[in-house]
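*Asks:* Have a look at this prediction, sequence included:
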Amino acid sequence: MKNRDFIQLFKTNESKAIDGIKKYNVKLLSIILAFTFIALGHSVGGRKVLKERLNNPFTSWVTLPISFTKLSEANALLDHFEDAELLDSFALQKVQPFNIEFFNFSSQDGGNIQLKVRSVDEGDAILGKILESQNTLFLNDSIPLDCNIILSEQAATYLDIDIANPPKTIKLLASEGLTYRIQLMAIVSELPDLADAILNSHMYVMLSSPLEETNFIEFNASNQLKLAIDTEQCRLTNLRGQIITKLDGLGFGVELVKSENSEYLESGEEVLRVYLDTFIDFNARNNLINSIALTSPSCLARYDDYNCDIGRTLKIEDPYYISFDSKDLNLVPALKNHLKRKYGFELSMNLVEDKKNFALISNLTLLLTTILALFASIAVAIFLSNVLSNHLKTVKSDLGTLKAVGLDNRTLSDIYTQIIGGFYFKSSLFAIILVAVYSVIMYVLKVEAFQGVSVLSLLIWIALFLMVYVISKRTLINALYKTPGDLIYNRD
C-alpha cells in the first residue's frame, strides 16, 4: 500500500515537472499541435473545395459555341455522339445542346425587365448542381422544372422579388401582348453561364416557336375571355358595367370562377370568365382582353391560359451551344482534334487549361498536406524527446537512488510512459480548444477552404500518439537501463 502511494506521489510530482512551470511545456506543445491541425484544416478544406469545383458541372462542362453557318454540322455532331462507344472513347458522360436567349419579364411593380434565360434538359447533371442546398435560397420542391422557372438571386432583385416571401409565378411578357404566368420553382445564388433564369428545354422551345405550331395556347376562335381579378382590392359588381361596355354588345355574361388553376394565381386573385354571344378569332380576342384589362389595371390583369403538355416533348433542334461533360480532362485535346477534323469546329482550350490548373493545385495541396504531416511529426518528436531527455538528465541521480532501493526499470518505464501519455493528451485537449475557436472564426467569416475536423486529422493525431509512445520508450531505455551507480555518479 505504501509502495503504491509512493508511486502515485512520484508520478504526480514528475508529471508537474514535465508539464513545466505554469504548464509552459503543455502550452508549447498545444500551440504546435494547434498550428498543425489548423494548417491541415486549411489544406483538407482547400482540397475539398478545389475537388468540388473541379467536379462541379458549372466548370466541368466544356462548351462549344455554334454559329448560324454551322447549324447543320452541329446537328450532325449531336447525332454522331449518340454512339455510347464514341462517348466512352473520349471519356464523355453526356453531350448536351442548349440555348441562351433574352426574354422580357414583368417585375413586381409592373416594369419590363429583360433576363438572360438558359435552357436545361430535365435530368441534366447541371440541374442537380443548381439545386444543391448550399446554392438554393428558395425551393418549391412540390413541382419539377417541367414548365416552371428557376431564377438567380440577382434576377430576383431585378424583378423586386422578396426571396423570403416570393410570388407563386413570374410573368413572362411574350409577343402579341400575351403574359404567361410561369410557376417559380426555385431562387438560387448562382446559375451557369451567367444566366438570370433557367427554363426546361421543352418550355424554352414552346416560347420561342410560333403559337400556331405548338398549340401552346388556345389559338382557335372562342366565345370566352379570361382575366385575373384581385378580389381583395376590387369588387366585381363595381367592374361589371365597365367590362360590359368594353364588349360593345358582344358579351352576355361575366362569371367569377373560384379556385380555377389556383397554382397560377396569387393570394386574393380569382379567374374572371367573360362570355360572348359569338366566336371571335385569336387576334380579336387578344385585343379585347387588353382593352378590358386597361379599364382597371389595379384590379384586372391578363390571364393567358397555356398548355404545357402538348402531347409531345420539344427538343432544341438548332442549338446555340453544345456542352461536353468530360470525365477525363486529359482526353479533351483529342476531342478538340476530332471536332476540328470531322466538323471544322474550334473547341476553346482556355476552360480546359483552367481545369488542368485546378487538378494541378489539388495535387500540390495533397503534397503539401503530406509534407505538413511529416513536419508535424518531426517537430513533435524533437520537442518531446528534448523535454523527456532534459528532465531525465536533471533527475538522473534520483533515479539511480530509486533503483538502488528496489524500484525496477519496468516500473519506472511504465510511470514515465503514462506521464508522457498524459502530457500528450493534455496538450491535445488545449489544441482542440484552440482549433474549435479558430473554426468558429472561420465559420463567421464564411471561409469555405477550412475543415476543422477531418479523418486525416484524426489519423495524424493517432500516428503522433504512437510515435510519442515509441520515442518515449526508446528515450527511457537509453536513460534507465544502467546501473544505479552509473546514474547516481553520472557515468555514461
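*Replies:* That came through, no problem. A quick note: this is a predicted structure, and the numbers were derived from the prediction, not measured.

*Asks:* doesn't Val440 make contact with Phe450?
*Replies:* No. Counting by C-beta atoms under 8 Å, Phe450 does not reach Val440; the two are 11.0 Å apart. Where you see a C-beta, it was placed from the backbone N, CA and C, and this is true even at glycine.

*Asks:* Tell me which of the two has more neighbours.
*Replies:* Phe450 (20 against 11; other C-beta atoms under 10 Å).

*Asks:* so who does the more buried one touch?
*Replies:* Shown in contact with Phe450 (C-beta atoms under 8 Å, 6 or more residues apart in numbering): 41-42, 45-46, 439, 442.

*Asks:* ok, and the closest non-adjacent residue to Ser43?
*Replies:* Closest residue in space to Ser43, ignoring its immediate chain neighbours: Thr369 at 4.3 Å, by C-beta to C-beta, 6 or more residues apart in numbering.

*Asks:* where in the protein is pLDDT low?
*Replies:* 1-3, 52-57, 59-60, 249-261, 351-352, 354-356, 359, 486-487, 490-492 (pLDDT under 70).

*Asks:* How is it partitioned into domains?
*Replies:* 2-53+357-488, 216-302 (automatic domain parsing).

*Asks:* And the strands in the stretch 1-150 of the chain, which stretches?
*Replies:* For the stretch 1-150 of the chain, the strands defined by DSSP state E, counting those that start in this stretch cover 61-65, 92-98, 100-106, 112-120, 136-139, 149-152.

*Asks:* Partner strands of the second one, with direction?
*Replies:* Partner strands and pairing direction for strand 92-98 (DSSP bridges) are strand 321-326 (antiparallel).

*Asks:* what's next to the strand it pairs with, contact-wise?
*Replies:* Contacts for strand 321-326 (C-beta under 8 Å, 6+ apart): 57, 60-66, 74, 77-78, 90-100, 125, 332, 335.

*Asks:* Drop anything exposed from those.
*Replies:* Neighbour-count burial (16 or more other C-beta atoms under 10 Å) is assigned, among the contacts of strand 321-326, to 57, 60-64, 66, 74, 77-78, 90-92, 94-99, 332, 335.

*Asks:* Which helix or strand contains Leu407?
*Replies:* Taking DSSP states H and E as the definition, one finds Leu407 inside no helix or strand.

*Asks:* neighbours around it, how many?
*Replies:* When neighbours are counted by other C-beta under 10 Å, Leu407 comes out with 18.

*Asks:* Asp414 now?
*Replies:* Neighbour number of Asp414 under other C-beta under 10 Å is 14.

*Asks:* so which helix or strand takes in it?
*Replies:* Per DSSP H and E: helix 409-444 holds Asp414.

*Asks:* Give me the distance from that helix to the chain's centre.
*Replies:* Distance of helix 409-444 from the chain centroid (C-alpha atoms, centre = their mean, to the nearest Å) equals 35 Å.

*Asks:* Could you do stretch 453-464 as well?
*Replies:* With C-alpha atoms, centre = their mean, you get 26 Å for stretch 453-464.

*Asks:* hmm, who's touching that stretch?
*Replies:* By C-beta under 8 Å, 6+ apart, the residues outside stretch 453-464 that reach it are 33, 36-37, 40-41, 44, 369, 373, 376-377, 380, 424, 428, 439.

*Asks:* before we move on, what about stretch 32-45?
*Replies:* Residues outside stretch 32-45 that contact it (C-beta under 8 Å, 6+ apart) are 365, 368-369, 372-373, 376, 379-380, 383, 427-428, 430-431, 434-435, 438-439, 448-452, 454, 456-457, 460-461, 464.
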